[in-house]
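Chemist: Below: sequence and its predicted model.
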Amino acid sequence: MENFDLTNEQLSELVTDFKALGDAGRLKIILFLLGGKKSVGEISLALGYSQSATSHALRILKDAKILSLEKNGNVNYYYIADGHVRTIIEKSIEHLDC
């Protein structure tokens, strides 16, 4: 078995990431955002969540550095922070067939 020799800080960050990904609602948001940048309103409407529930979930994902935020006037647009997130999700979906 490979030893990754993580610091306590790195381990804590990894736990935070997995907790953020471990909620069905937040995972739906991530899957939706794989299609590109969306506003809070677009996400709420598409997934049938209230804007406050959507904003709460987005804040958790942003704090975990899974999502990034772009402000355009009064509108906040969220998007996948980097390609690593896409890879994790794609590999996890592939793993479902194993």
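Modeler: Right, received. Where do you want to start?

Chemist: Mind jotting down where the helices sit in the chain?
Modeler: 8-21, 24-33, 40-47, 51-63, 83-95 (DSSP state H).

Chemist: who wins for proximity to residue 2 among the ones you listed?
Modeler: helix 8-21 (14.8 Å; Cβ to Cβ). Where C-beta positions appear, they are placed from N, C-alpha and C, glycine not excepted.

Chemist: Now do that closest one and helix 83-95, the angle between them.
Modeler: Orientation check (axes from the mean of the first three to the mean of the last three Cα atoms, to 10 degrees): helix 8-21 against helix 83-95 gives 60 degrees.

Chemist: can you list contacts of helix 8-21?
Modeler: Contact partners of helix 8-21, identified using Cβ atoms under 8 Å, 6 or more residues apart in numbering, comprise 6, 26-27, 30, 60-61, 63-66, 88.

Chemist: One more pass at 6 Å, please.
Modeler: 60-61, 64, 66 (Cβ atoms under 6 Å, 6 or more residues apart in numbering).

Chemist: buried sites along it?
Modeler: Judged by neighbour count (16 or more other Cβ atoms under 10 Å), helix 8-21 contains these buried residues: 17, 20-21.

Chemist: Just put those in CSV and tack on pLDDT.
Modeler: Below are the buried residues of helix 8-21 laid out as CSV (pLDDT from 0 to 100):
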residue, pLDDT
17, 88
20, 91
21, 90
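
Chemist: one step back: and the contacts of helix 8-21, which two are furthest apart?
Modeler: Checking the contacts of helix 8-21 with Cβ to Cβ, the most distant pair is 60 and 66, at 8.7 Å.

Chemist: Who has more neighbours out of these two?
Modeler: Taking neighbours as other Cβ atoms under 10 Å, residue 60 and residue 66 compare with residue 66 leading, 25 against 17.
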